[in-house]
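**Q** sequence unknown, structure follows:
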């Protein structure tokens, strides 16, 4: 339903708003979302008779399973239309990837299947839904099954990206490479306390090695993870918006005036996180986006302030365009937030973005890092993120701490953009005790 009828571009047109750039950007975002889900824009219907999905053996499934795998029986109906695809989620993480299983080639309007589900350790919220050919999604049917294994091993997979020195040397920053190395060193150091993670697998790309081809090769590293493992992707560097409001992270050889040339797109990030076995996934984007607003921010901040330190900015204040104005950019930020939200929903990832609104992502000699990296380190190594003082830090505790600590550290100049708590998957990121 949302895939077809969530259309801010149509609403804005209907009320006579004249900002055609923003309207077109919303339409492009909608079309991009359709393509990612495997649909074309040619299907349109006013029908709101939704497809149906039922887990037919839900009543017979155990509340506490003695086995790691369970069998679920599912019945789908397109409700008068041919079926397009179906998907299954465990704790809001798709087990078949963003697009799920395509059944359009079967030319059927109903389907019954039996699937084996590999359970995560702990509570498993299992959800199932289907799409029909006119883009309507069924309501999700769900069931809860618990599985407990005190001897389960959790590995940590880290993919660190940092660009301090760019091919265009005028865009160089101070600390991204150090940020990435410091965080990896920290994670390895705290794990020596009690071996909370059974193993730490590290893959890094820094400076001239941060190239699109190298980044794509990291998939072969992450695909080796298991369902209870944690995958952390950390990027530190420039974040850029192009004239179409598509968001890019700057690789070493990105064209800053045309970020779609060698820039790291949202699609690339999604592809890295999508369809990997691990269900505990964290994406940290230690960057801001560029445009006219960064020029204003530079005028605002390039001076000694109450932190008594010259700050530098992860963005490109020299990129200017007459097409951008304040209302346009404010709308683009909302669009950016929606794009990140969409990524979250599709891949089940926890996303922490360094800044939002009109704020920059800051780094400082006083901290020796970016503000986000500095607070990330303090939150873990000093257990400052352990809000309930139980010796264990969950991902939501870490997110909440980073948001508050960065805002305080920068005197309100920067506040990370994080999503609300994901109750379905508030996994433990680290504990100073191992049961």
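**A** Alright, I've got the coordinates. A quick note: this is a predicted structure, and the numbers were derived from the prediction, not measured. Numbers count the residues shown, from 1 in each chain.

**Q** Please report phi then psi for the nearest residue to residue 214 once chain neighbours are set aside.
**A** Closest residue to residue 214 apart from its sequence neighbours, by CB to CB, 6 or more residues apart in numbering: residue 205 at 5.4 Å. Placement of C-beta: from N, CA and C, glycine included. Main-chain torsions, residue 205, degrees, to the nearest 10: phi -140, psi 130.

**Q** if I look at residue 205, how far off is residue 234?
**A** For residue 205, the distance to residue 234 equals 11 Å [CB to CB, to the nearest Å].

**Q** Ok, residue 84 next?
**A** Taking CB to CB, one finds residue 84 at 36 Å from residue 234.

**Q** again with residue 424
**A** From residue 424 to residue 234 the distance is 23 Å (CB to CB).

**Q** what do you get for residue 350?
**A** From residue 350 to residue 234 the distance is 12 Å (CB to CB).

**Q** just to revisit the earlier point, settle it for me: which of residue 424 and residue 234 has more neighbours?
**A** The neighbour count for residue 424 versus residue 234, taken as other CB atoms under 10 Å, is higher for residue 234 (25 against 16).

**Q** Show me the shaky parts of this protein.
**A** 1-5, 18, 32-48, 245, 288-346, 355-361, 418-423, 434-435 (pLDDT under 70).

**Q** on that earlier part again, please identify every residue contacting each of residue 205 and residue 234.
**A** Any residue near both residue 205 and residue 234 by CB atoms under 8 Å, 6 or more residues apart in numbering counts here, and that gives 160-162.

**Q** Look up which helix or strand residue 285 falls in, please.
**A** strand 280-286 (DSSP states H and E).

**Q** now swap in residue 54 and tell me
**A** Per DSSP H and E: strand 52-55 holds residue 54.

**Q** after that strand comes which helix or strand?
**A** Toward the C-terminus from strand 52-55 - assigned by DSSP H and E - lies strand 69-77.

**Q** Pairing partners for that following strand, with directions?
**A** When pairing is defined by DSSP bridges, strand 69-77 lines up against strand 52-55 (antiparallel), strand 110-118 (antiparallel).

**Q** And the contacts of stretch 206-215?
**A** 160-165, 167, 177, 180-181, 205, 237, 251-253, 262, 264, 268, 272.

**Q** Filter those down to the buried ones.
**A** 160-165, 177, 180, 205, 237, 251-253, 262, 264, 268, 272 (16 or more other CB atoms under 10 Å).

**Q** Just these: which are in strands?
**A** The members of those that map onto strands under DSSP state E are 160-162, 205, 264.

**Q** In those, find the pair that's most separated.
**A** Spatially, the most separated pair among these is 160 and 264, at 13.7 Å (CB to CB).

**Q** quick one: what helix or strand has the spatially most central residue of the chain in it?
**A** The centroid of the chain falls nearest to residue 351 when counting by CA atoms, centre = their mean (4.1 Å). Under the criterion DSSP H and E, the helix or strand holding residue 351 is strand 350-353.

**Q** If anything else comes up later, I'll come back, but that's it for now.
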